[in-house]
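Participant: the amino acid sequence is not available; the structure is as follows:
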């Protein structure tokens, strides 16, 4: 444990001294809520420790594949995805040419990222990579009303195969990869590696923290995430 962690006030103490009280709450509710608050504080601290461990990863593998993309402004190689940023965040969108419509779950995630894309773009290059032709991606972006997400076609499929957007059997899966460009060398930095093989019993595969705000909101409700529904691409008005 580092010195900063040793100086932290115990979570139970912070929770005990929390001044928040909800109107008409019972003593039993407050006791349970205080115990939960201590766990939430510990969870926040664990998230910070994991983020620090992620940032401290040693250099990843160099990116050397023959990767070509087409975006709304034309074709580019892998380096072109970075723009003027040293870091690239690339999401593999389940929207291949064989699909009539893209994956609803991917779309739900990207819809929330759209609201943050311009802000993320201040610090890193954020791109969405799919295998459908760029004209189709452009039309879908317009239909969704997305303005700031940057969509690219994986022209030869090499990137999707190498960085886990396609399984060995040809089926698509979502993938989130982060790359760096330092001293003229592009390297892989981190990818979301939680999949079906790492899922706990009774849970769908998910990352931690989960990249979709949808789940954070539902996790704060008494009903939770549920198991009998799925996000839709459109809802009746």
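Facilitator: Nice, thanks for sending it over. Since the structure is predicted, the reported quantities are computational estimates derived from the model, not experimental observations.
Participant: and the next helix or strand past the longest helix anywhere in the chain?
Facilitator: Longest helix in the chain by number of residues (criterion: DSSP state H): helix 27-55. Note on helix 27-55: by DSSP states H and E, the next helix or strand toward the C-terminus is strand 68-71.
Participant: who are the packing partners of that following strand?
Facilitator: Applying 3 or more CB pairs under 8 Å, 6 or more residues apart in numbering; DSSP states H and E, one finds that strand 68-71 makes contact with strand 74-77, strand 151-154. In this view, the C-beta of every residue, glycine as well, is placed from N, C-alpha and C.
Participant: need the per-residue pLDDT for the residue most central in space within the chain.
Facilitator: Nearest residue to the geometric centre of the chain (CA atoms, centre = their mean): residue 211, 3.5 Å. With respect to pLDDT, residue 211 scores 89.
Participant: circling back: out of the helices and strands packed on strand 68-71, which comes closest to residue 126?
Facilitator: strand 151-154 (10.8 Å; CB to CB).
Participant: what sits up against that closest one?
Facilitator: 67, 69-72, 76, 81, 93, 127-134, 137-138, 140-141, 160, 165 (CB atoms under 8 Å, 6 or more residues apart in numbering).
Participant: of those residues, buried ones?
Facilitator: Using 16 or more other CB atoms under 10 Å as the burial test, the contacts of strand 151-154 include 67, 69-71, 76, 81, 93, 127-132, 134, 137, 140-141, 160, 165 as buried.
Participant: from those, which land in helices?
Facilitator: 134, 137, 140-141, 160.
Participant: can you put these in CSV and add distance to residue 104?
Facilitator: Formatted as CSV, these follow (distance: CB to CB, whole Å):
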residue, distance to residue 104
134, 22
137, 16
140, 13
141, 16
160, 20
